[in-house]
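# give me a model of this one.
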Amino acid sequence: QVQLVESGGGSVQAGGSLRLSCAASAYTASSNCMGWFRQAPGKEREGVASIYRGGGGIYYVDSVKGRFTISRDNVNVYLQMNSLKPEDTGMYYCAADVPCSQKAYNYRYWGQGTQVTVSS
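This next block holds a predicted model:
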């Protein structure tokens, strides 16, 4: 059974930083593409970043390029978020599946989400 557990969300002021973590089993992390998605109230779930099982194939949505960094080790996936903006506010979800995709409907496995709130 695939289990993903996110942590690290919180409330920060604009310009601040947060680091999100997604804990997965070693098998899950080594066998799947891992992605971070976010969803603001009333909006669709948006692909933020993804990283393939070998650590390559990194993708970022244009709005976070230069500010966010996705990384992974054997069992965890991280999202370092710097220079946060109010528009980054939302529930952030970790997802796993193959192949890598920026579309939420392509992922079967999801965590419960962690809230990120950025105030101006």
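# so how far is Val64 from the residue most central in space within the chain?
Against the mean C-alpha coordinate of the chain, by C-alpha atoms, centre = their mean, the closest residue is Trp36 at 2.1 Å. According to C-beta to C-beta, to the nearest Å, Trp36 stands 9 Å off from Val64. In short, each C-beta sits where N, CA and C put it, glycine included.
# now for the two: what residues contact both?
Residues touching both Trp36 and Val64 (C-beta atoms under 8 Å, 6 or more residues apart in numbering) are 48-49.
# now do the buried residues in whichever strand or helix holds Ser71.
For Ser71, the enclosing helix or strand under DSSP states H and E is strand 68-72. Of the residues in strand 68-72, those buried by neighbour count under the rule 16 or more other C-beta atoms under 10 Å are 68, 70, 72.
# next up, the contacts around the nearest residue to the last one once chain neighbours are set aside.
Spatially, and ignoring its direct neighbours in sequence, Arg72 is nearest to Ile51 (5.6 Å; C-beta to C-beta, 6 or more residues apart in numbering). Each residue near Ile51 by C-beta under 8 Å, 6+ apart is listed here: 33-35, 57-59, 70-72, 77, 100.
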